[in-house]
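Student: sequence first, then the predicted structure, then my questions.
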Amino acid sequence: MPDGATFLGIDFALGTSLRTMPTRALLDGGIELPDTTHRTFRLDGARWEIPCPDDAEALVTRLVRAGAVVRDPVVTEVRRGHVPKVSERTVERRFRAATGLTQGTVRQIERARKASILLTAGMPVADVVARLEYFDEPHLARALRQYIGHTARQLREGVRGAISLDLNQRTTS
């Protein structure tokens with residue numbers, strides 16, 4: 001990262017993507033937007049003002065209205081627990097196209113995230129294993145390393161994971 005660089009991230013709902021960019025190109029990486037200045041960027045054939053944290057939601061609203069940001073309705077339906085009127089193969093293909101991940105991987109990430117929140121809150125490792133139905137502690141340890149980037153001990157000591165941990169969110173499962 002260049003010295004003095006400033007970054008602003010916008011967290012989209014699962015299944016939301018940029019219409020002109022394949023999700024796989026953004027997964028575990030990123031792209032450089034062409035013709036970017038310190039005040040604007042070009043996306044989907046239009047110039048957009050770089051938002052401040054206070055007006056990022058307004059930018060997202062404009063991007064959605066312009067069709068630059070899209071959401072796959074099949075993914076939304078599946079995430080809400082509904083069974084769409086398409087084949088399971090179509091669901092998995094659309095899910096992967098929209099998210100860059102399989103449904104199973106998303107479930108594993110969500111479970112590891114819940115585990116990290118519980119561990120950060122002070123729950124004993126054995127209780128987290130039982131509550132979230134990991135096979136054993138090594139199974140939990142592998143998931144934390146892979147998806148969060150930290151061990152249970154690091155999380156219990158207050159180190160934050162690679163995935164944003166919203167400690168205000170309550171985990172009930």
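Tutor: Happy to help now that I have it. Residues are numbered from 1 along each chain as shown.

Student: for the chain, what helix or strand is lowest in average pLDDT?
Tutor: helix 23-26 (a mean of 78; mean pLDDT, DSSP states H and E).

Student: what residues of the helix or strand following that helix count as buried?
Tutor: Later in the chain than helix 23-26, the nearest helix or strand by DSSP states H and E is strand 40-43. Neighbour-count burial for strand 40-43 flags 41, 43 (criterion: 16 or more other C-beta atoms under 10 Å). Every residue, glycine included, has its C-beta placed from N, CA and C.

Student: same thing with stretch 64-78?
Tutor: 68, 69, 72, 74, 75, 76, 77, 78.

Student: what's the nearest residue in space to the fifth one that is not next to it in sequence in contact with, if anything?
Tutor: Excluding the flanking residues, the one nearest residue 75 by C-beta to C-beta, 6 or more residues apart in numbering is residue 15, at 3.1 Å. Residue 15 makes contacts with 71, 72, 75, 76, 79, 95, 98, 99, as judged by C-beta atoms under 8 Å, 6 or more residues apart in numbering.

Student: out of these, which sit inside strands?
Tutor: residue 71 (DSSP state E).

Student: pick the one among the contacts of residue 15 closest to residue 57.
Tutor: residue 71 (15.4 Å; C-beta to C-beta).

Student: in the longest helix belonging to the chain, what's buried?
Tutor: Counting residues, the longest helix found in the chain (DSSP state H) is helix 103-120. Residues 103, 106, 109, 111-120 are the ones in helix 103-120 that count as buried (16+ other C-beta under 10 Å).
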